[in-house]
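> quick one, structure for this:
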Amino acid sequence: MASETDHNKILNQAARTVLKPLGLFQKGQSRMWIDDNGWFLILVGFQPSNWNKGTYLNVAIHYLWKQQDYLSFDYGGREGFFVEFKGDEGKFYDEVVSLAESAAAIVTEYRKFKEISFAKDKIIKRNVLSKSPLELYDKMMICGLAKDSRALKFYEKLLKEVEKSALDYEIEICRELTEEVGNFIHNTDEFYDYIVHKIAMQREFWRGKPSMKKLQSCVSLSKR
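Numbers count the residues shown, from 1 in each chain. Okay, the predicted model is just below:
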């Protein structure tokens, strides 16, 4: 039976066969592959199990307007079922290739978010009744990136939700809204510039990580 090292090597080889030709790059030596799309990243993660050798598949969009030191699954998530390695290297390789091909199809769909009007429609309609601060924040930001005046509506809803919160992440959102966003939200051009600056700063943050050097240093946003 192959060792744990062999199991990860097989997985990486299978993922590379499918994803590298599409322009994705591997985050260091991890099980995550990244597709760079300017204002967002598409993450393809081959997530291990705590109990068995093998992998789950996660495919999601990460918005780069978020100032954080980890890559979050902001739109999307778990896809398909767990693929277990039971010692048959050829079978496991083929199954991971199949997973990667499924991921590639989703990546193709998520690349459509580069058209900001398309992304705005998808993000606004997602969990439309949710009062989650994270949902409202993302809707505010995509509207700002699209120069859509509805950004103010989401700003007001979001501020109402977080201004009395005791949760750390909501306190931080409230600080950003009152100390930064509030200075620009009434002017669509200024708010757009604010978001673009946040994206640029976050790209530079990630480029400073050895595992993320393949991110381009400067990109232009796609058409609205």
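
> and the pLDDT at Ile195?
On pLDDT, Ile195 comes in at 97.

> and what of Leu43?
On the pLDDT scale, Leu43 gets 98.

> pull the residues that contact stretch 46-60.
4, 7, 11, 15, 31-32, 42-45, 73-86, 92, 96, 99, 102-103, 106-107, 110 (C-beta atoms under 8 Å, 6 or more residues apart in numbering). All C-beta atoms are positioned from the backbone trio N, CA, C, and that covers glycine.

> for it, measure first residue to last.
12 Å (C-alpha to C-alpha, to the nearest Å).

> only the buried residues of that stretch, if you could.
Judged by neighbour count (16 or more other C-beta atoms under 10 Å), stretch 46-60 contains these buried residues: Phe46, Pro48, Lys53, Gly54, Thr55, Tyr56, Leu57, Asn58, Val59, Ala60.

> next, the closest residue to the fourth one other than its chain neighbours: phi, psi?
In this case it means Gly54. Nearest residue to Gly54 in three dimensions, chain neighbours excluded: Glu84, at 3.9 Å (C-beta to C-beta, 6 or more residues apart in numbering). Main-chain dihedrals, Glu84, degrees, to the nearest 10: phi -100, psi 140.

> for this structure, which element, helix or strand, carries the lowest mean pLDDT?
helix 4-19 (a mean of 84; mean pLDDT, DSSP states H and E).

> so what secondary structure elements neighbour that one?
When contacts are defined as 3 or more C-beta pairs under 8 Å, 6 or more residues apart in numbering; DSSP states H and E, helix 4-19 packs onto strand 25-26, strand 40-47, helix 89-110.

> list the buried ones in stretch 97-115?
Leu99, Ala100, Ser102, Ala103, Ala104, Ile106, Val107, Tyr110, Arg111, Phe113.

> tell me which element Ile124 is part of?
Following DSSP states H and E, one finds Ile124 within helix 116-125.

> counting contacts, what elements does that helix pack onto?
Applying 3+ C-beta pairs under 8 Å, 6+ apart, one finds that helix 116-125 contacts helix 133-145.

> can I get the helix it packs on as CSV, trimmed to CA atoms?
Output of helix 133-145 as CSV, limited to C-alpha atoms (Å, rounded to 0.1, in the frame of the first residue of the first chain):
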residue,chain,number,x,y,z
PRO,A,133,-23.7,41.0,8.0
LEU,A,134,-21.3,39.1,5.7
GLU,A,135,-24.0,38.8,3.0
LEU,A,136,-25.0,42.5,3.3
TYR,A,137,-21.3,43.5,3.2
ASP,A,138,-20.7,41.6,0.0
LYS,A,139,-23.8,43.0,-1.6
MET,A,140,-22.8,46.5,-0.7
MET,A,141,-19.3,46.0,-2.1
ILE,A,142,-20.4,44.5,-5.4
CYS,A,143,-22.9,47.3,-5.9
GLY,A,144,-20.1,49.7,-5.3
LEU,A,145,-17.9,48.0,-7.8
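
> what's the following helix or strand after it?
helix 150-162.

> now do that following helix, average pLDDT.
96.

> quick check: angle from it to helix 133-145?
Here helix 150-162 runs at an angle of 160 degrees relative to helix 133-145 (axes from the mean of the first three to the mean of the last three C-alpha atoms, to 10 degrees).

> in helix 150-162, what's buried?
Result for helix 150-162 [16+ other C-beta under 10 Å]: buried residues Ala151, Leu152, Phe154, Tyr155, Lys157, Leu158, Leu159, Glu161, Val162.

> that concludes my questions; thank you for your assistance.
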